[in-house]
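Enquirer: generate a structure from the sequence data that follows.
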Amino acid sequence: MPYYPLATVRSTRPPDQKQRPILGWPRYDSGEWNWTITSYDNYVQEGYEKNAIIYSAIAYKQRAISQAPLRPYEGNFQQYEMVDLNHPSWVWCLRPNESQSMVEFMQQAICYFNLSGNCYIYIDRNPDGSVKALYNLRPDRVKLLFGAREFKGFLYCVENRPDSEGVPMLPNRVMHIKLPNPRDPYEGMGYGLSPIMPSAQPADVDNYVTQFLYRYFRTGIVSMGALVSKKVLTDSTRERLRDEWVEMHGGAENWSKPMVFEDDLTWQALTPPFKDIDFTLIDRRDEARITGPLGVNGMLLGLPGAMERATYANMGEAQKDFWQTTFIPELQLFEVEFIYNLTAMDGVFPMFDTSEVPALQRDIPPIVTSAVQLIQVGMPPYLAYQTAGLKAPRYPGDTVSRVPLSLQPVGTPAPTLPGTVTPVEEEPEEETPGTEGGMEEGTEQEEQEAEERAAASAPPARRTPAPRPAWRGRSP
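Expert: Next up, the predicted model:
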């Protein structure tokens with residue numbers, strides 16, 4: 001395949017030598033419409049319509065999207081809030097077109113995306129450039145057109161119709177959401193890879209097992225076998241015996257009829273008995289290989305192999321893991337395209353609101369404890385609530401730091417509260433040298449005289465009569 005240089009580097013070689021490019025780009029199929037490399041019809045018929053596991057996994061995603069509605073917001077990606085209901089973006093966020101609600105619209109988009117790896121959304125705009133309506137396009141009806149070095153646009157063409165009857169669309173009128181395709185010849189600008197492709201063979205095995213069981217109960221054929229005869233039979237005799245055997249013993253309605261053999265005929269089974277075929281291991285293998293590429297845990301679909309180790313706690317963790325590792329990244333592929341193509345002129349942009357998803361709800365008491373601990377170490381309440389992930393209303397003073405009184409440096413006197421009186425320590429009187437013994441003797445003598453004077457001036461103490469004996473005044 002020839003390559004075109006995108007960039008070259010300066011070289012110290014003589015000018016007569018050619019400079020070699022360090023980057024290359026493949027030549028596109030200029031002017032030719034390119035079909036997708038996958039068979040969308042087969043994925044729909046053999047996968048979505050016939051395989052219950054594939055259908056259940058995609059249907060689980062379709063039901064989950066109803067928990068994350070699309071909403072218009074204003075602000076930036078770190079601090080944003082929902083706009084007023086009078087904003088015109090609410091019209092197409094609630095009903096993207098006249099035939100579908102946003103939940104129905106996204107369910108159809110997720111179905112297209114998970115079956116083909118591509119989702120095409122046509123944007124119908126008003127004369128002023130604002131969004132008027134959105135429409136999902138079937139992936140098998142959309143072709144891509146590339147030029148020599150650029151992507152030129154899309155062509156919507158109904159099957160079994162020539163390209164001349166198709167509807168061409170410019171790149172800015174169609175949103176193309178796709179999964180990575182490692183064999184994309186257009187370096188990421190072409191078609192995405194279907195997640196059904198890696199699980200196609202396990203899905204076929206699961207379909208074959210289902211068909212075998214269906215035929216088993218419908219025709220009553222337990223296993224393949226042969227009617228063995230010791231005689232040499234002609235072709236017409238063999239055909240007659242085969243038809244008679246199927247007529248007499250084929251079908252579920254003939255299971256109870258006894259078999260009657262001729263004198264030289266015997267029945268020889270060619271396949272193992274039904275009881276020796278372990279369908280359990282086959283089912284477990286197929287379940288893991290089908291649900292893996294779609295990113296849905298088998299416990300969430302009620303598959304027997306996964307339910308054997310399922311508990312109530314495991315179910316909650318599986319739901320949380322589905323949202324965090326599968327569905328939110330998948331919705332972000334849509335969200336990025338929506339923000340890029342559907343942002344209004346006033347800066348209002350659409351985003352999926354996952355705040356009410358039950359599996360993503362956080363445990364509030366530990367969050368409150370974390371916020372209180374952050375406030376106690378000096379973080380303003382508003383920042384503490386944001387850091388801990390707690391949604392709290394704003395109030396005056398929520399940006400002021402608050403430090404408890406107990407957090408004081410060592411040796412610092414305790415602060416006084418308003419209205420309290422600080423005690424004043426009395427300074428000790430200085431003693432005159434040489435008078436310590438005399439002053440102590442004089443002081444003791446003065447105290448003794450004062451006590452004597454107080455005792456002399458005090459009134460005489462009243463005598464308390466002794467208690468009367470209990471037997472006085474009574475006859476013995």
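Enquirer: tell me what R125 is bridged to.
Expert: V131 (DSSP bridges).
Enquirer: are we agreed that E356 is in a helix?
Expert: No: going by DSSP: H, G, I helix; E, B strand; the rest coil, the assignment for E356 is coil, not a helix.
Enquirer: quick check, pLDDT for the closest residue to it other than its chain neighbours.
Expert: Nearest residue to E356, sequence neighbours excluded (Cβ to Cβ, 6 or more residues apart in numbering): Q67, at 6.7 Å. Glycine gets a C-beta too; all of them are placed from N, C-alpha and C. Q67 is assigned 95 on the pLDDT scale.
Enquirer: now do G411
Expert: 62.
Enquirer: could you do the one 10 residues further on as well?
Expert: The predicted local distance difference test score for V421 is 59.
Enquirer: do the same with the one 10 residues further on
Expert: Looking at E431, its pLDDT stands at 56.
Enquirer: ditto for T219
Expert: 64.
Enquirer: same question, E426
Expert: 61.
Enquirer: remind me which residues of the stretch 101-250 of the chain are low pLDDT?
Expert: Counting by pLDDT under 70, the stretch 101-250 of the chain has low-confidence residues at 219-225, 227, 248-250.
Enquirer: now do the strands in it.
Expert: 118-125, 131-137, 142-146, 151-156, 167-169, 174-178, 225-229 (DSSP state E, counting those that start in this stretch).
Enquirer: so which of these is nearest N341?
Expert: N341 sits nearest to strand 174-178 of all the strands of the stretch 101-250 of the chain, at 5.4 Å, using Cβ to Cβ.
Enquirer: is it true that A68 touches Q332?
Expert: No: A68 is beyond contact range of Q332, at 11.1 Å (criterion: Cβ atoms under 8 Å).
Enquirer: count of residues packed around P127?
Expert: Residue crowding around P127 was assessed by other Cβ atoms under 10 Å; the count is 6.
Enquirer: for A109, see how far away it is.
Expert: Per Cβ to Cβ, to the nearest Å, P127 is found 26 Å from A109.
Enquirer: re the thing from before, which one of the strands of the stretch 101-250 of the chain lies nearest to R402?
Expert: strand 131-137 (46.7 Å).
Enquirer: so for that closest one, what gets flagged as buried?
Expert: By neighbour count on 16 or more other Cβ atoms under 10 Å, the buried set for strand 131-137 is V131, K132, A133, L134, Y135, N136, L137.
Enquirer: OK, contacts around the second one?
Expert: Under the criterion of Cβ atoms under 8 Å, 6 or more residues apart in numbering, the contact partners of K132 comprise W92, D124, R125, N126.
Enquirer: circling back: tell me which of A68 and Q332 has more neighbours.
Expert: Higher neighbour count among A68 and Q332: A68, with 21 against 12, using other Cβ under 10 Å.
Enquirer: can you give me the helices in the protein?
Expert: 40-42, 52-64, 89-94, 102-116, 200-219, 235-249, 279-294, 298-301, 304-307, 312-322, 328-342, 364-376, 381-388, 436-457 (DSSP state H).
Enquirer: and those as JSON lines, adding distance to M175?
Expert: Shown next, in JSON lines, are these (distance: least, Cβ to Cβ, whole Å):
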{"stretch": "helix 40-42", "distance to M175": "19"}
{"stretch": "helix 52-64", "distance to M175": "19"}
{"stretch": "helix 89-94", "distance to M175": "13"}
{"stretch": "helix 102-116", "distance to M175": "10"}
{"stretch": "helix 200-219", "distance to M175": "27"}
{"stretch": "helix 235-249", "distance to M175": "57"}
{"stretch": "helix 279-294", "distance to M175": "22"}
{"stretch": "helix 298-301", "distance to M175": "29"}
{"stretch": "helix 304-307", "distance to M175": "35"}
{"stretch": "helix 312-322", "distance to M175": "25"}
{"stretch": "helix 328-342", "distance to M175": "5"}
{"stretch": "helix 364-376", "distance to M175": "37"}
{"stretch": "helix 381-388", "distance to M175": "33"}
{"stretch": "helix 436-457", "distance to M175": "103"}
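Enquirer: so which of the ones you listed is nearest N160?
Expert: helix 40-42 (12.3 Å).
Enquirer: any idea how far the closest one is from the middle of the chain?
Expert: Distance, stretch centre to chain centre, for helix 40-42: 28 Å (Cα atoms, centre = their mean, to the nearest Å).
Enquirer: pLDDT on it, on average?
Expert: Helix 40-42 comes out at a mean pLDDT of 88.
Enquirer: which parts of it are buried?
Expert: Result for helix 40-42 [16+ other Cβ under 10 Å]: buried residues Y40.
Enquirer: what are the contacting residues of it?
Expert: Taking Cβ under 8 Å, 6+ apart as the rule, helix 40-42 contacts L115, S116, P139, D140.
Enquirer: those residues into a markdown table, with extra columns for neighbour count?
Expert: Putting the contacts of helix 40-42 into a markdown table (neighbours: other Cβ atoms under 10 Å) gives the following:
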| residue | neighbour count |
| --- | --- |
| L115 | 22 |
| S116 | 28 |
| P139 | 23 |
| D140 | 21 |
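Enquirer: closest to E98 out of the residues you listed?
Expert: P139 (22.5 Å).
Enquirer: check contacts around the closest one.
Expert: Residues in contact with P139 (Cβ under 8 Å, 6+ apart) are T36, Y40, Y112, L115, S116, N118, C119, Y120.
Enquirer: ok so, going back, of the buried residues of strand 131-137, closest to I277?
Expert: The closest of the buried residues of strand 131-137, once distances to I277 are taken by Cβ to Cβ, is N136, at 42.8 Å.
Enquirer: how close does that closest one get to F334?
Expert: 11 Å.
Enquirer: got any residues that touch both of the two?
Expert: A109, C119.
Enquirer: in contact with F105, which residues are there?
Expert: P96, N97, L134, N136.
Enquirer: need the contact list for the closest residue in space to the second one that isn't next to it in sequence.
Expert: The shortest distance from N97 to any residue other than its chain neighbours is 4.4 Å, reached at A133 (Cβ to Cβ, 6+ apart). By Cβ under 8 Å, 6+ apart, the residues touching A133 are W92, P96, N97, E98, D124.
Enquirer: P168 versus the closest residue to I177 other than its chain neighbours, what's the distance?
Expert: Using Cβ to Cβ, 6+ apart and skipping the chain neighbours, the partner closest in space to I177 is C119 (4.4 Å). Going from C119 to P168 by Cβ to Cβ gives 19 Å.
Enquirer: out of these two, which sits in the busier spot?
Expert: Remark: of C119 and P168, C119 carries more neighbours, 26 against 15, as counted by other Cβ under 10 Å.
Enquirer: hang on, isn't the more buried one packed against N136?
Expert: Yes: counting by Cβ under 8 Å, C119 does reach N136; the two are 7.2 Å apart.
Enquirer: which of the contacts of K132 has the most neighbours?
Expert: Going by other Cβ under 10 Å, W92 tops those with 22 neighbours.
Enquirer: touching, it and S130? I think so.
Expert: No: taking contacts as Cβ under 8 Å, W92 lies outside contact range of S130: 9.0 Å.
Enquirer: re the thing from before, would you turn the contacts of A133 into CSV with distance to R394?
Expert: Shown next, in CSV, are these (distance: Cβ to Cβ, whole Å):
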residue, distance to R394
W92, 31
P96, 34
N97, 39
E98, 41
D124, 40
